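> sequence below, structure please.
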Amino acid sequence: MPNTNYYSAWSSRVKILLPGLLLAAVTLPDSAWPAQQSEFTENLSGFYSRDGNNGSPAQAAGNNIYIKFFEDRWIGMMFIPYPYAIKVDAAVITGVFNAARKQASSAALMKGKYELLSEAATIQIERYGYLEDRIVFECGSLSPCTIKLGDDFLELIKPGVINEHIVKYSHVATP
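Okay, the predicted model is just below:
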């Protein structure tokens, strides 16, 4: 009788199916999601700025990164080229997010100046959903990203090959 490793075969099937199942769950209509009872909620005013923007992380990555939540479970991630991003104020960032969201009727990856910037920014607009106490959305990696919300900050958790990458973002209030 051959020696079969059933765990290995099952594990590889789960690894293949899990990202697809998570993405399918995120795209379910609002009525399919139970009401979330979390002590933290998405802040629709202002945006979140990556800790390290205007510093060495931005210099190494080549851009400042911002996240904004919109109504009806939409999320935007904006990448403004560094060092130009240092000169861009909070009101302009909010204006660019809003202009991009108006242009996107579905999930989109866009690049432009939006008549507010001197250099083009890249913006990703996606739908998001909930998985327990976290927000889940497609962030351009092999598996979905999750967001854990806190008081005036969020933690973006990106899957990695060996470990998760956790990046903190601070809330920036704008009028």
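
> quick one, longest strand in the chain?
Looking across the chain with DSSP state E, the single longest strand is strand 121-131.

> distance between that one and the chain's centre?
Remark: strand 121-131 is offset 5 Å from the chain centroid, using C-alpha atoms, centre = their mean, to the nearest Å.

> what of stretch 91-107?
Relative to the centre of its chain, stretch 91-107 is centred 15 Å away, using C-alpha atoms, centre = their mean.

> downstream of the longest strand of the chain, the next helix or strand is which one?
Next helix or strand after strand 121-131 toward the C-terminus (DSSP states H and E): strand 134-137.

> looking only at pLDDT, what's the mean for that following strand?
For strand 134-137, mean pLDDT rounds to 93.

> for it, name the packing helices and strands.
Applying 3 or more C-beta pairs under 8 Å, 6 or more residues apart in numbering; DSSP states H and E, one finds that strand 134-137 contacts helix 6-26, strand 121-131, strand 145-150. For the C-beta atoms, the positions are set from N, CA and C on the backbone; glycine is no exception.

> could you dump the shortest one to PDB, C-alpha only?
Which is strand 145-150. The C-alpha trace of strand 145-150 is given here as PDB (Å, rounded to 0.1, in the frame of the first residue of the first chain):
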ATOM      1  CA  CYS A 145      -5.300  42.700   2.400                       C
ATOM      2  CA  THR A 146      -7.000  43.300   5.700                       C
ATOM      3  CA  ILE A 147      -7.400  46.400   7.700                       C
ATOM      4  CA  LYS A 148      -7.700  46.500  11.500                       C
ATOM      5  CA  LEU A 149      -9.200  49.800  12.700                       C
ATOM      6  CA  GLY A 150      -8.200  51.600  15.900                       C
END
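
> start at 59 instead
I'll keep to 59 as the first residue from here, and by that count the last item is strand 203-208.

> report the next helix or strand after it in sequence order.
Using DSSP H and E, the next helix or strand after strand 203-208 towards the C-terminus is strand 211-216.

> could you pull out the buried residues of that following strand?
Residues of strand 211-216 classed as buried: 212, 214-216 (neighbour count, 16 or more other C-beta atoms under 10 Å).

> what of stretch 154-165?
By neighbour count on 16+ other C-beta under 10 Å, the buried set for stretch 154-165 is 154-155, 157-159, 162.

> again, but for stretch 103-117
Buried residues in stretch 103-117, counted by 16+ other C-beta under 10 Å: 104-108, 110-111, 115-116.

> for stretch 117-133, same thing?
Buried positions in stretch 117-133, judged by neighbour count with 16+ other C-beta under 10 Å: 121-128, 131-133.
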